[in-house]
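Asks: let me see the structure of the following:
(chains A and B)
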Number of protein chains: 2
Amino acid sequence: MNALISSTSASAVATADAAALLERLAREGRVAQRGLAKMPSAARGAALRLGADALRRFAPEILAANAQDIADGTAAGLSAAMIDRLKLDPARIEAMALAVEQVAALDDPVGQIIDETMRPNGIILRRVRVPIGLIGIIYESRPNVTADAAALCMRSGNAALLRGGSEAARSNKAIHAALAEGLVAGGAPATAIQLVPTQDRAVVGAMLAASGLIDMIVPRGGKSLVARVQADARVPVLAQRDGINHTFIDRAAEPGMARDIALNAKMRRTGICGAMETLLVDARFPDPHGLVEPLIAAGCALRGDARACAIDSRIAPAEATDWDTEYLDAVLSVAVVDGLNDALSHIARHASGHTDAIVTEDAETAARFLSEVDSAIVMHNASSQFADGGEFGLGAEIGIATGRLHARGPVALEGLTTYKWLVLGTGQVRP
Amino acid sequence: MNALISSTSASAVATADAAALLERLAREGRVAQRGLAKMPSAARGAALRLGADALRRFAPEILAANAQDIADGTAAGLSAAMIDRLKLDPARIEAMALAVEQVAALDDPVGQIIDETMRPNGIILRRVRVPIGLIGIIYESRPNVTADAAALCMRSGNAALLRGGSEAARSNKAIHAALAEGLVAGGAPATAIQLVPTQDRAVVGAMLAASGLIDMIVPRGGKSLVARVQADARVPVLAQRDGINHTFIDRAAEPGMARDIALNAKMRRTGICGAMETLLVDARFPDPHGLVEPLIAAGCALRGDARACAIDSRIAPAEATDWDTEYLDAVLSVAVVDGLNDALSHIARHASGHTDAIVTEDAETAARFLSEVDSAIVMHNASSQFADGGEFGLGAEIGIATGRLHARGPVALEGLTTYKWLVLGTGQVRP
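Replies: The predicted structure follows:
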């Protein structure tokens, strides 16, 4: 037997093992989800508060596990940025526990009545919110996602299969063990929130293929993770693409407001998906230099089209690819456009459907922009950095959805539910 | 070159051609959809009414095309049932035109405000309904789907790619040509509703693969069509599985109501997806024979478990597969169960998540059934044959969704929309 054949069969065995393991976990999760759905909302909230307490109580164990992950990651040459994302300290554990408590305090969407009508034959139709079911979450190095995602799923009556990055394996295991102790003490089924082992990479493939067992996959992480999940999944995926976000400064923008919003939209935090990546300036906006000066002063590198480069000599010429790039950094592309129509067609061509904004005092221009830009989030006179579940008042978010089905924009508790129709009759039969 | 190779390359060429054709159609559809989204709702309604007029005006051409399809189908040996589904007459064309007018008269969901909140910083958040985009509809022999689906998509601001069965190709072409004339006269973009040619079967594969070009696929047809679409699609599919629907006759059911509902749920029309397929009878229900007698008298073949067979000697023993079978015929499986819990576990094991019903006068039992049965439609004291968009007051339906994401139960105009978030500020920047 040659090496190729034996390695192929070894991998085939690993894949079959992974599929069997995943199927067992998913079936246990589905049974637990039915138990969760029967728990009163207050009991699920109370269980979460016990989970938060347990995170605090097991902080020493979580920190010890995290120190091992950090040591291994450092030895394996992880970047400083990755180590920072991975690293826990007492303050980060307290923040995790607080976040779980905040989710516990949110209104439970399960059982909410979406609408109710009565038919001429006396039948009452009611749509009520129900959990989606079993949710698979595939994420990278931040261990706090383990607690956040578990809390959001539990609050909305969903079971979860959590699959974190292998570099955070020990941290995630310790966080999960603590949280699970609290949840179970609060009466939640033990397999409602399960951690999928990281040893075997084939398990991710098994999750993506588990159509009929997992109801939805949420990828949380960088572009390549999301792209892989979307390319391979047979299970519906909560789509999250890049945030190539535009801010259009209309001719009728108030210049001070335009300056403050542009600076904040780009520079408050450059690495979040709600950050502005392209600034569109109406050729008739009166103070273009006042707009770019604070950005340059704050250390942002600007790349412009020909007319933008004429605003300030420190603006470099943009390449064609710049208009389709999510920098997630102190870099901004700038284009001068001829009015609203020109801005709308730039956005239609280059936006990723995440968050696009207009700054203007002209109500009619604003109304057209809000109506015709077809992104998940469209803003008027506000910074695109508000694109965030917390800022929307939704509590923690499971992600920002840029697809068109099921849920768009910040997805939190309500986005983790669907509905069923109740039909309440008094003996009606159909003629 | 041997036969196998030449056939393979011919098919590869056809596939590349199909993908190119589909891409062109989809791009034209997407452009048209942006035009549609800008049309005022009243204009889209008026265009649909012109479409209905044109269906009536072109009735002779439609009937002539249909006669050719019928002649070819008869020569090709299509079953009488298929020929009946295919066949048009003046009354069926008038019904099609009326259905289009009814959809035109429905409230337009596009632009509806789902909810609105104000944040502490003064920002107003509003979720508004928007079209899904470009919808692909893959259907079988009924030519009226061409008009129904076009009308629903147009009313909700969506563009459509319609791919009907090859046996109805001429009929669909004539219906589409008539409808399109009216729609364009009403100001709708010419490529808003496009018919996908049926010559090349590879086009269906290209539709299923057109992720990013088609926003959603709706399969309308039998099990094998739906299964193929769900197995192969990279585009999100509006899931529609079997209707293995249960009616549970509780011990506290009113016997007359139970008898009427059971008879109607099974026998009003046996071939629709809302028909009951399994009757569950509580062992303590006082009049089981009164329940089955009218069904048997109406010509229904009953298949029961041991206790059901004891109710009447004309009930045949059921096979294990009967509990998972959608008969769509005058056949019914009957099981005697020990109370609500037993009924709930039978349903959890065998239901397909479509429509399940309870008949009982006991409010507490009904409440538990409505809460714990997790199907798209759950009924109390009503016939499952009410599972229908028209009966729900939604107008024509594009399908009954049994998945858990996006839309469940009868899917009509609202189910053909999603939402975007509007963020209305007065200059807020994020701290």
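
Asks: which strands and helices sit next to whatever helix or strand A:Asn341 lives in?
Replies: When elements are assigned from DSSP states H and E, A:Asn341 belongs to helix A:339-350. Other elements packing on helix A:339-350 under the criterion 3 or more Cβ pairs under 8 Å, 6 or more residues apart in numbering or on different chains; DSSP states H and E are strand A:245-249, strand A:276-282, strand A:331-337, helix A:363-372. Where you see a C-beta, it was placed from the backbone N, CA and C, and this is true even at glycine.

Asks: and if we set it to 6 Å?
Replies: Other helices and strands packing on helix A:339-350, by 3 or more Cβ pairs under 6 Å, 6 or more residues apart in numbering or on different chains; DSSP states H and E, are absent; none qualifies.

Asks: what angle separates it from strand A:276-282?
Replies: Relative orientation of helix A:339-350 versus strand A:276-282 (axes from the mean of the first three to the mean of the last three Cα atoms, to 10 degrees): 150 degrees.

Asks: what is the mean pLDDT for helix A:339-350?
Replies: If you average the pLDDT over helix A:339-350, you get 97.

Asks: ok, stretch A:311-328 next?
Replies: On average, the pLDDT along stretch A:311-328 is 97.

Asks: nearest to chain B: which residue in the stretch 251-400 of chain A?
Replies: A:Ala382 (2.9 Å; Cβ to the nearest Cβ).

Asks: give the contact list for that residue.
Replies: Counting by Cβ atoms under 6 Å, 6 or more residues apart in numbering or on different chains, A:Ala382 touches B:123, B:423, B:425, B:428.

Asks: likewise A:Ala20?
Replies: No residues are in contact with A:Ala20 under the rule Cβ under 6 Å, 6+ apart.

Asks: can you name the residues in contact with stretch A:231-246?
Replies: Where contact means Cβ under 6 Å, 6+ apart, the residues beyond stretch A:231-246 that reach it are A:208-211, A:214, A:216-218, A:226, A:229-230, A:273, A:276-278, A:280, A:326, A:347, A:351-352, A:354-356, A:384, A:399, A:401-403, B:405.

Asks: now the strands for the stretch 301-431 of chain A?
Replies: Along the stretch 301-431 of chain A, the segments classed as strands by DSSP state E, counting those that start in this stretch run A:301-304, A:316-317, A:331-337, A:355-359, A:377-382, A:399-401, A:409-411, A:417-428.

Asks: so which of those strands comes closest to A:Gly187?
Replies: strand A:417-428 (21.1 Å; Cβ to Cβ).

Asks: so how far is A:Leu98 from the residue in the stretch 51-200 of chain A positioned nearest to chain B?
Replies: Residue nearest to chain B within the stretch 51-200 of chain A: A:Ile132 (5.3 Å; Cβ to the nearest Cβ). Computed with Cβ to Cβ, to the nearest Å, the distance linking A:Ile132 and A:Leu98 is 26 Å.

Asks: re earlier: quick one: which of the contacts of A:Ala382 is nearest to chain A?
Replies: Nearest to chain A among those, with distances taken as Cβ to the nearest Cβ, is B:Gly425, at 2.9 Å.

Asks: and that closest one, how many neighbours?
Replies: 21 (other Cβ atoms under 10 Å in any protein chain shown).

Asks: how about A:Arg44?
Replies: A:Arg44 has 23 nearby residues by other Cβ under 10 Å.

Asks: then A:Ala412?
Replies: For A:Ala412, using other Cβ under 10 Å, the count is 24.

Asks: A:Ala64 now?
Replies: Neighbourhood size, A:Ala64 [other Cβ under 10 Å]: 13.

Asks: and what of A:Thr191?
Replies: 21.

Asks: checking my notes, it in a helix, right?
Replies: No. Using DSSP: H, G, I helix; E, B strand; the rest coil, the assignment for A:Thr191 is coil, not a helix.

Asks: how about it, what does it touch?
Replies: Applying Cβ under 6 Å, 6+ apart, the residues near A:Thr191 are A:28-29, A:32.

Asks: between the residues you listed, which has the most around it?
Replies: A:Gly29 (25 neighbours).

Asks: phi, psi of that residue?
Replies: When read as degrees, to the nearest 10, the backbone of A:Gly29 gives phi -60, psi -40.

Asks: go on, A:Val237?
Replies: Here A:Val237 shows phi and psi, under degrees, to the nearest 10, equal to phi -110, psi 130.

Asks: so what sits opposite it in the bridge?
Replies: Beta-bridge partners recorded for A:Val237 (DSSP bridges): A:Ile217.

Asks: for it, give its distance to A:Ile135.
Replies: From A:Val237 to A:Ile135 the distance is 11 Å (Cβ to Cβ).

Asks: for the nearest residue to A:Pro197 once chain neighbours are set aside, what is the enclosing helix or strand?
Replies: Spatial nearest neighbour of A:Pro197, chain neighbours left out: A:Val203 (6.6 Å); criterion: Cβ to Cβ, 6 or more residues apart in numbering or on different chains. In the assignment (DSSP H and E), A:Val203 maps to helix A:202-209.

Asks: now do A:Asp84
Replies: helix A:80-86.

Asks: just checking, next helix/strand downstream of that helix?
Replies: Next along from helix A:80-86, by DSSP H and E: helix A:90-105.

Asks: got a list of contacts for that following helix?
Replies: So helix A:90-105 is contacted by A:45, A:48-49, A:51-52, A:55-56, A:59, A:144, A:147-148, A:151-152, A:155, A:395-396 (Cβ under 6 Å, 6+ apart).

Asks: near chain B, which residues of the stretch 101-250 of chain A?
Replies: A:123, A:125, A:132-133, A:215, A:236 (Cβ under 6 Å from any Cβ of the partner chain).

Asks: can we see that at 10 Å?
Replies: Within the stretch 101-250 of chain A, the positions near chain B by Cβ under 10 Å from any Cβ of the partner chain are A:111, A:114-115, A:117-128, A:130-134, A:211-212, A:215-216, A:230-231, A:233-234, A:236-239.

Asks: which of those residues are buried, as a ChimeraX select command?
Replies: Entered in ChimeraX, the line below selects the buried ones among those, by 16 or more other Cβ atoms under 10 Å in any protein chain shown:
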select /A:119,123,125,126,127,128,130,131,132,133,134,215,216,230,233,234,236,237,238,239
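
Asks: the residues of the stretch 101-250 of chain A next to chain B in strands, which ones?
Replies: Assigned to strands by DSSP state E, the following of these qualify: A:114-115, A:117-118, A:124-128, A:130-131, A:134, A:216.

Asks: in CSV, list these along with pLDDT.
Replies: Listed next are those as CSV, based on pLDDT from 0 to 100:
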residue, pLDDT
A:Ile114, 94
A:Asp115, 93
A:Thr117, 94
A:Met118, 96
A:Ile124, 96
A:Leu125, 96
A:Arg126, 96
A:Arg127, 95
A:Val128, 96
A:Val130, 96
A:Pro131, 96
A:Leu134, 97
A:Met216, 95
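
Asks: from the residues you listed, which two are the most distant?
Replies: A:Met118 and A:Leu134 (34.6 Å).

Asks: which residue, other than its chain neighbours, is closest to A:Met207?
Replies: For A:Met207, the closest residue by Cβ to Cβ, 6+ apart turns out to be A:Gly136, at 4.8 Å.

Asks: before we move on, what SS does that neighbour have?
Replies: Secondary structure state of A:Gly136, per three-state DSSP, is strand.

Asks: buried sites along the helix or strand containing A:Ala262?
Replies: Assigned by DSSP H and E, A:Ala262 belongs to helix A:255-267. Within helix A:255-267, the residues scored as buried using 16+ other Cβ under 10 Å are A:257-267.

Asks: farthest-separated two in the contacts of A:Ala382?
Replies: B:Val423 and B:Gln428, at 9.0 Å, using Cβ to Cβ across those.

Asks: quick check: neighbours shared by the two?
Replies: Applying Cβ atoms under 10 Å, 6 or more residues apart in numbering or on different chains, one finds that B:Val423 and B:Gln428 are jointly contacted by A:379, A:381-383, A:386, A:391, B:119, B:123.

Asks: one step back: mind checking how far the helix holding A:Ala262 is from the chain centre?
Replies: The chain centre lies 25 Å from the centre of helix A:255-267; the measure is Cα atoms, centre = their mean, to the nearest Å.
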